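Peer 1: make a model of this:
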Amino acid sequence: MPTLEIKLAKHPLMKGVSTDDINLLAEDAVHVTFKSGKMLFRQGQKADYLFLILKGKVTVGVKHRGQHLPITVLHAGESLGWDWLFAPYKWEFEGRALTDVDAIALEGKPVAAKMGHYPLLGYTLLRHLAHSLSNALTATRRRLLKAHLEALKHEFKNKPLSDTELAAEILAKTTGSIL
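Peer 2: Model (predicted):
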């Protein structure tokens, strides 16, 4: 069975992280499993772990009217739970296992301390975080654009407009840029 260090080193978030730094991070890591439907973390609670998904799917969402309202689905090779790095250190969203999940949980405080003490490690992890956040923002913008266009199509479906007129109507109704 692969050691925690080997599993950690194989995760895409660790690309470019040295073996010595992997060993350092493994000191603050545990292998965790979640059965389908179980919560990884809850909105509003103290954020203290970064999860690296090894196997399975996790929905990230919000609690709405007592129910988990999914916003996105994350898969093996992705990470979630960066809220431990930023004040007020509370979960903005909640994470629920959509399938059985295997993950590595990195404890936030010691990892943050190591990121500060080992600048190359900190830089590499923050680059991966920025890439992850950029991908999430792009995906969110695309979903918003698709929903916006679907709503506009519905609104204009009974109006006999040329493509040019329809484009002008859409531009007139669109405020600000979502791209």
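Peer 1: ok, the residue lying closest to Pro110 once chain neighbours are set aside - contacts?
Peer 2: Spatial nearest neighbour of Pro110, chain neighbours left out: Asp28 (4.2 Å); criterion: Cβ to Cβ, 6 or more residues apart in numbering. To be clear about C-beta, it is placed using only N, CA and C from the backbone, and glycine gets the same treatment. Counting by Cβ atoms under 8 Å, 6 or more residues apart in numbering, Asp28 makes contact with Leu106, Glu107, Pro110, Val111, Lys114.
Peer 1: also Gly37?
Peer 2: By Cβ under 8 Å, 6+ apart, the contact set of Gly37 is Arg96, Ala97.
Peer 1: SS state for it?
Peer 2: Following DSSP: H, G, I helix; E, B strand; the rest coil, the label given to Gly37 is coil.
Peer 1: how far does the helix or strand containing Thr124 sit from the chain's center?
Peer 2: Thr124 belongs to helix 119-156 when assigned by DSSP states H and E. Its chain's C-alpha centre and that of helix 119-156 lie 10 Å apart, by Cα atoms, centre = their mean, to the nearest Å.
Peer 1: again with stretch 79-97
Peer 2: Taking mean C-alpha positions (Cα atoms, centre = their mean), stretch 79-97 and its chain are 9 Å apart.
Peer 1: what about that stretch, how long is it end to end?
Peer 2: When the termini of stretch 79-97 are compared using Cα to Cα, to the nearest Å, they are 13 Å apart.
Peer 1: list the buried ones in that stretch?
Peer 2: If you call a residue buried by 16 or more other Cβ atoms under 10 Å, then stretch 79-97 has these buried ones: 79-85, 91, 93-97.
Peer 1: name the nearest residue to Lys35, sequence neighbours excluded.
Peer 2: Distance criterion Cβ to Cβ, 6+ apart; nearest residue to Lys35, sequence neighbours excluded, is Asp100 at 5.8 Å.
Peer 1: just give the number of residues close to the residue nearest to Lys15 when sequence neighbours are not counted.
Peer 2: Counting by Cβ to Cβ, 6+ apart, Lys15 lies nearest to His128, which is 7.5 Å off, once chain neighbours are set aside. By the measure other Cβ atoms under 10 Å, the count of residues near His128 is 18.
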